[in-house]
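# quick check, what structure comes out for this input:
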Amino acid sequence: MLSPVLAGQAAARRRFLRQARALARLRHPNLVTIFDVRDEGEHVFVVMDLVDGGTLAARSARVGPMDPGTVRDAVLPLLDALDGLHRAGVTHGSIKPRNVLLASDGTPQLGDLGAQPFAARSPAETQVLFGRWPYLAPEQLIPGALDARADIYAMGGLLQALSTGAPPDTKTPLPGPLGVVVARAMAESPDDRYPSAAALRDALRAVEIATPVPWARLLGRGALVIAGAALAFGLFRPTPPRPSSRAQRRSPSAGRTPHAAGPGTGRTRRLSRARLGVGPRDTPRR
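Numbering: from 1, shown residues only. The predicted structure follows:
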């Protein structure tokens, strides 16, 4: 449905109806299908297919930052759909995660087609456009001509948002090869961006994404091996021999470090007892 603020403006109303009718003639698996366009007094709206799998914004909020491979796989089909829009002479003008709907099987589809103006042409339109910041191209806030490169800027913002789990910020560049693609897509000047959705799609497809090493999985298996070895050692290690008699257990010399006896020590003790007239069994008890 067209915003009530804009529905009251004849120029914005005519533009919305013209673009919505052009969109209704398009069919693409990654575009939400428009069945009808209605102009009923105060309300101007389109009748679209029901897509009940949620939005890409909700998924991003649930899973957090996505790895480069997942981001690429999510955006490539959207760029195919956007290329079809641009070839039909239509600029989307409102690309952001909340306007990407997910089918029940996870297929992403561009929605909110033609629901907002593509460039600010009045103070009221500028106020509406500010609600879509920061996916707006700078030229969308300036009255004047607008082309499909504004959608390229928004797609770059979408790539960054999915990668970081936060709204896009040109002051914080995304690292790696994917960051190079995002930086060009979100260039301030339209002339410095990719010239078309097809060009951005080809650049994104050519990005080399390293397969992440499953360290967590490897560490998990290693931990299991170590735990199993420790358990086996605890179960099967040899048990030290126990004393064979009560006398050995009560021996006062148990646990003491034995001192080596010098030569003749035993003979000296026997001679001392003999001189004193004391036999082995007559030794007084202490």
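# wasn't Ala74 part of a helix?
Yes - inclusion of Ala74 in a helix is indicated when DSSP: H, G, I helix; E, B strand; the rest coil is applied.
# contacting residues for it?
Taking CB atoms under 8 Å, 6 or more residues apart in numbering, we find Ala74 in contact with 56, 66, 108, 162. In this view, the C-beta of every residue, glycine as well, is placed from N, C-alpha and C.
# so which residues of the chain form helices?
Under the criterion DSSP state H, the chain contains helices at 4-7, 10-24, 56-63, 68-87, 123-130, 149-164, 176-185, 197-205, 215-236, 246-250, 265-276.
# now, which of the contacts of Ala74 sits nearest Leu31?
Distance ranking of those against Leu31, using CB to CB, places Pro108 first at 10.2 Å.
# tell me how far that closest one lies from Val47.
In this structure, Pro108 and Val47 are separated by 21 Å, where distance is defined by CB to CB, to the nearest Å.
# repeat that for Leu101.
Using CB to CB, we find Leu101 at a distance of 15 Å from Val47.
# more neighbours: which of those two?
Set side by side, Leu101 and Val47 show more neighbours around Leu101, with 22 against 11, by other CB atoms under 10 Å.
# identify the residue spatially nearest to the more buried one, adjacent ones excluded.
Nearest residue to Leu101 in three dimensions, chain neighbours excluded: Val51, at 4.0 Å (CB to CB, 6 or more residues apart in numbering).
# now Asp80: closest residue in space that isn't a chain neighbour?
Asn30 (6.1 Å).
# what is the burial count for the one you found?
Neighbouring residues of Asn30 were enumerated by other CB under 10 Å; the total is 19.
# residues in contact with it?
Shown in contact with Asn30 (CB under 8 Å, 6+ apart): 77-78, 80-81, 107-110.
# need those residues in a markdown table with distance to His43, neighbour count and pLDDT, can you?
Formatted as a markdown table, these follow (distance: CB to CB, whole Å; neighbours: other CB atoms under 10 Å; pLDDT from 0 to 100):
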| residue | distance to His43 | neighbour count | pLDDT |
| --- | --- | --- | --- |
| Pro77 | 32 | 17 | 96 |
| Leu78 | 29 | 22 | 97 |
| Asp80 | 32 | 16 | 96 |
| Ala81 | 27 | 21 | 95 |
| Thr107 | 30 | 13 | 93 |
| Pro108 | 28 | 24 | 95 |
| Gln109 | 24 | 24 | 94 |
| Leu110 | 23 | 24 | 92 |
